[in-house]
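Visitor: fold the following for me, if possible:
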Amino acid sequence: MDRMLMMAEQGGHYCSKKTDNLCDGCCCQESSRFGMSRLCCILRGVDLKTYIFLFAIVPTFILGVYIHGQKISYFLRPLWEKPPKPFHEIPHFYNENITMENLCKLHGWGVREYPRRVYDAVLFSKEVDILTIRWKELYPYVTQFVLLESNSTFTGLPKPLKGENPFIEEAYQRVALDQLLRIAGISDDDLLIMSDVDEIPSRHTINLLRWCDNIPDVLHLQLKNYLYSFEFLVDNNSWRASVHRYQTGKTRYAHYRQTDDLLADAGWHCSFCFRHISEFIFKMKAYSHNDRVRFSHYLNPKRIQRVICKGADLFDMLPEEYTFKEIFGKMGPVPHSYSAVHLPSYLLENAENYKFLLPGNCIRESG
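Guide: Alright, predicted model coming up:
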């Protein structure tokens with residue numbers, strides 16, 4: 001009691017609780033007024049390993065998840081998402097010396113007295129080079145090209161010539177294509193090609209389908225999947241492009257799976273196949289999945305050029321696959337291919353102008 005009175009007279013503080021050596025000299029300090037005494041005692045009871053865990057390992061783990069969270073999600077995809085149902089692949093027969101009647105017969109189809117009309121409808125952004133190659137490839141057999149260029153990108157960015165959700169914006173543009181097709185005069189049993197501008201069916205594929213009878217009402221096209229140019233062959237698994245026998249009131253323009261039938265080796269899909277670095281930057285920001293641009297340095301022109309020549313991923317992501325075997329098999333840059341066989345004829349006829357799309361020419365123009 002005397003000790004308490006004496007400390008009070010001296011303006012000090014007295015700790016009424018019994019203490020041991022761990023908290024001695026800590027819980028009775030001025031800081032106790034602010035609730036720090038308990039924290040002081042806790043920290044004095046923590047060993048060095050726990051300090052390292054709390055202030056080094058935990059922050060490092062949080063930073064790692066922030067930087068590589070998307071990679072972790074894609075790597076664990078086989079655990080939370082099952083692979084889609086396999087396609088029914090239809091063998092594709094072609095040789096320029098075989099008659100159309102025999103080609104149709106090889107596919108199990110009859111031959112028509114006259115060919116169907118063909119409509120090619122695409123959404124256009126800034127892919128002038130790839131659009132030209134597509135038109136030249138399909139021109140002999142397409143009745144009418146239907147081209148929709150919006151004044152905004154899928155992400156709602158204005159373009160020089162609505163929407164905040166890129167997928168809603170894209171859906172609006174595809175509905176507009178339906179209206180344009182009706183204006184263009186499409187009718188029942190005409191062929192309608194549904195694909196993005198960089199998904200190019202081969203001309204002999206379209207010629208086959210317009211001449212053969214009893215083909216499926218809807219048919220997906222298996223395309224060779226290229227990245228940046230025809231030097232980097234990713235796989236043969238591009239399937240979103242499709243051909244439809246048009247039915248009034250039923251056929252709607254779409255870019256998702258609509259049937260199980262898949263015609264093998266039917267063309268090319270050249271993704272991010274641009275002449276200028278500025279086009280890569282625009283596409284990365286305008287892309288439906290623009291959330292993949294997680295860091296501003298991804299848009300650095302020098303980095304983009306290095307990534308193109310290496311055949312790596314612009315967004316530094318893991319492969320979008322459904323099994324660990326496929327993920328590990330596609331990790332790292334896409335291997336270089338030096339074959340330019342069976343590419344669009346217009347591309348090879350004008351190789352000097354389109355050399356950036358051919359093997360051995362990865363350097364892009366800056367403009």
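
Visitor: what is the burial count for the closest residue to Lys82 other than its chain neighbours?
Guide: In space, and not counting its chain neighbours, Lys82 is closest to Tyr322: 7.0 Å by Cβ to Cβ, 6 or more residues apart in numbering. Any C-beta I mention is one placed from the backbone N, CA and C, and that applies to glycine too. Number of residues near Tyr322 (other Cβ atoms under 10 Å) recorded here: 13.

Visitor: and the contacts of stretch 139-152?
Guide: Outside stretch 139-152, the residues that touch it by Cβ atoms under 8 Å, 6 or more residues apart in numbering are 115, 117-125, 131, 135, 138, 158-159, 161-163, 169, 173, 176-177, 180-181, 184-185, 190, 193, 203, 206-207, 210.

Visitor: so of these, which ones are in strands?
Guide: Among those, the members found in strands (DSSP state E) are 118-124, 193.

Visitor: so can I have TSV of these showing pLDDT, distance to Asp316 and neighbour count?
Guide: Shown next, in TSV, are those (pLDDT from 0 to 100; distance: Cβ to Cβ, whole Å; neighbours: other Cβ atoms under 10 Å):
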residue	pLDDT	distance to Asp316	neighbour count
Val118	98	40	22
Tyr119	97	39	23
Asp120	96	35	24
Ala121	92	34	21
Val122	90	29	23
Leu123	84	27	20
Phe124	83	28	15
Ile193	97	33	25
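
Visitor: hmm, back to that, and the residue nearest to Lys82, how far from Pro115?
Guide: As for Tyr322, its distance to Pro115 is 39 Å (criterion: Cβ to Cβ, to the nearest Å).

Visitor: do the same with Ser296
Guide: 51 Å.

Visitor: if we can go back for a sec, PyMOL command for the buried members of the contacts of stretch 139-152?
Guide: Entered in PyMOL, the line below selects the buried ones among the contacts of stretch 139-152, by 16 or more other Cβ atoms under 10 Å:
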select buried, resi 115+117+118+119+120+121+122+123+125+131+135+138+163+169+173+177+181+190+193+203+206+207+210
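
Visitor: can you pull the pLDDT of the residue nearest to Pro344 when sequence neighbours are not counted?
Guide: Leaving out its chain neighbours, the residue that sits closest to Pro344 by Cβ to Cβ, 6+ apart is Glu137, at 4.5 Å. Model confidence at Glu137, given as pLDDT, is 98.

Visitor: surely Glu137 is in contact with Leu343?
Guide: No. Glu137 is beyond contact range of Leu343, at 9.7 Å (criterion: Cβ atoms under 8 Å).

Visitor: before we move on, back to that, who's in contact with the residue nearest to Pro344?
Guide: Neighbour list for Glu137: 200-203, 344-346 [criterion: Cβ under 8 Å, 6+ apart].

Visitor: and these, which are buried?
Guide: 200-203, 344, 346.

Visitor: ok, which pair from the residues you listed is furthest apart?
Guide: Pro201 and Tyr346 (14.0 Å; Cβ to Cβ).

Visitor: where does His269 sit, in terms of helix or strand?
Guide: For His269, the element it lies in under DSSP states H and E is strand 267-271.

Visitor: buried set for the helix or strand following that strand?
Guide: Toward the C-terminus, strand 267-271 is succeeded by helix 277-286 as the next helix or strand (DSSP H and E). By neighbour count on 16+ other Cβ under 10 Å, the buried set for helix 277-286 is 277-284, 286.

Visitor: ok, stretch 311-321 next?
Guide: 311-316, 318-319, 321.

Visitor: will you turn these into JSON lines that also has secondary structure and pLDDT?
Guide: Formatted as JSON lines, the buried residues of stretch 311-321 follow (DSSP: H, G, I helix; E, B strand; the rest coil; pLDDT from 0 to 100):
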{"residue": "Gly311", "secondary structure": "coil", "pLDDT": "97"}
{"residue": "Ala312", "secondary structure": "coil", "pLDDT": "96"}
{"residue": "Asp313", "secondary structure": "coil", "pLDDT": "94"}
{"residue": "Leu314", "secondary structure": "coil", "pLDDT": "94"}
{"residue": "Phe315", "secondary structure": "coil", "pLDDT": "90"}
{"residue": "Asp316", "secondary structure": "coil", "pLDDT": "89"}
{"residue": "Leu318", "secondary structure": "coil", "pLDDT": "85"}
{"residue": "Pro319", "secondary structure": "coil", "pLDDT": "86"}
{"residue": "Glu321", "secondary structure": "coil", "pLDDT": "89"}
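
Visitor: just the residues you listed now: which is nearest Arg77?
Guide: Glu321 (7.2 Å).

Visitor: can you pull the contacts of the closest one?
Guide: For Glu321, the contact set (Cβ under 8 Å, 6+ apart) comprises 77-78, 327, 330.

Visitor: do Val111 as well
Guide: 100-101, 104-105, 211-213.

Visitor: Pro319 and Arg306, how far apart?
Guide: Taking Cβ to Cβ, one finds Pro319 at 20 Å from Arg306.

Visitor: hmm, I was thinking of Ser278
Guide: 16 Å.

Visitor: just Met284 next, same as before
Guide: Taking Cβ to Cβ, one finds Met284 at 15 Å from Arg306.

Visitor: got the phi and psi for Arg245?
Guide: phi -80, psi 110 (degrees, to the nearest 10).

Visitor: surely it touches Ile215?
Guide: Yes. With contacts counted by Cβ under 8 Å, Arg245 reaches Ile215, the gap being 7.1 Å.

Visitor: from Arg275, how far out is Lys355?
Guide: 10 Å.

Visitor: please say which of the two ends up with more neighbours.
Guide: Each of Lys355 and Arg275 has its neighbours counted (other Cβ under 10 Å); Arg275 has more, 19 against 15.
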